[in-house]
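Visitor: Below is the sequence, then the predicted model.
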Amino acid sequence: MTRITLSWTGGVLWLEPENHRPPTSPMRTASMAVAGGRVISAPAASRFEPPAAVIFDPDEAAGWLPGVYGDDVLRAVAGHRETFDATPGDLTLPVMKLLHARWLQRWWHPRGHDEDRLPVLAEDIATLMEEAWDCLPETVPEDWAPLILRAARNTWIEPSDQRFALAAGDYLPDEDRSFTGTVDWMQVPARSATGEENDIEVDIGGTELLVCVAAGIEPVGQLGALCKFSGNPFPAPMRLRLDGEYYAGGLALSRDDVVESVDVVAWPPGGPMGRPVREPDEARRDRDHVRRVIANRLGETTPGSLVCET
């Protein structure tokens, strides 16, 4: 059994297992919409322990809560109890496996022969969605299986996944300078970039700024870059067109331009806004964490599946 703490905040119900830690980054959090709320778990958590949950509509969630937390959950909610002991039900394992499979689908950058395992992951997700169907919101389309299978090549992209950024630093336009950066996975659609370190190149030659981004195994047609100049609050946009294995674009600089930063974004700028640009060290720590978790998870799987049993 797992002790669950219940709390109400502004009409929203939170269910938190005793070992649950609040997420520090979307890259360290598996989160999924369910009927009446969301379920949340650490990607490395046991599949046999229930997740945390935030419930916006207890009546809508009542149909699946006992299957994940046991029969006592509804009495605890109705009685406004502060805690109860959860007993995993028949939906706990499918929900947790689906949570972690979708997290893997979002953040995994397979290389070499592992690229062939993406269709296997998509099939796993389709199967798990069927097993966890009672938990899913009504907005999930009836033809979800083809959509999930297609995700092997074109992952579902949420609006918050639409941009990424590179802090380019300060320099003068009359300096010839080149340097590299690394795409923040949290800001870019899954596998549209390589997932490797130093996959962004910035070159400044006289009065021209060039940006080049290595494309991943699921590239998009074009990206953009916003160049911010000292003393000007409005960044100048440039288009980065996909050309073979790279996105590339350039911008002419005047002699008075002092470039403060270059943010690589989805094109056109002004679309769905992404998350704020992060410090490079913070993004690197998240990438290292994701790589460790994925390596451990893949090491636990059987050859026919990417969804492990622990």
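Guide: Cool, got the structure. Being a predicted model, the structure only gives us computed values, none of them experimental. Numbering: from 1, shown residues only.
Visitor: SS state for Asn198?
Guide: Of the three states, Asn198 takes coil according to DSSP: H, G, I helix; E, B strand; the rest coil.
Visitor: Return the distance of it relative to Tyr69.
Guide: Asn198 sits at a distance of 45 Å from Tyr69 (criterion: CB to CB, to the nearest Å). Backbone N, C-alpha and C define where each C-beta goes, glycine included.
Visitor: More neighbours: which of these two?
Guide: A side-by-side neighbour count of Asn198 and Tyr69, using other CB atoms under 10 Å, places Tyr69 first with 27 against 12.
Visitor: Could you report the neighbour count for the spatially closest residue to that one that is not a sequence neighbour?
Guide: Setting aside the residues directly before and after it, Tyr69 is nearest to Ala86 in space (CB to CB, 6 or more residues apart in numbering), at 4.3 Å. As a burial measure, Ala86 scores 24 neighbours (other CB under 10 Å).
Visitor: Now that Ala86 has come up, it's in contact with Val73, right?
Guide: Yes - because the distance of 6.7 Å satisfies CB atoms under 8 Å, Ala86 is recorded as touching Val73.
Visitor: any shared contact partners between these two?
Guide: Shared between the contact lists of Ala86 and Val73 (criterion: CB atoms under 8 Å, 6 or more residues apart in numbering) are residues Ile4.
Visitor: Tell me which strands whichever strand or helix holds Gly224 pairs with, and in which orientation.
Guide: Assessed by DSSP states H and E, Gly224 sits inside strand 222-229. The strands that strand 222-229 pairs with in its sheet are strand 236-243 (antiparallel), strand 259-266 (antiparallel) (by DSSP bridges).
Visitor: quick check, distance from that strand to the centre of its chain.
Guide: Here strand 222-229 is found 22 Å from its chain centre; the criterion is CA atoms, centre = their mean, to the nearest Å.
Visitor: Contacts for it, please.
Guide: 192, 209, 211, 213, 235-242, 247, 249, 251, 257-269.
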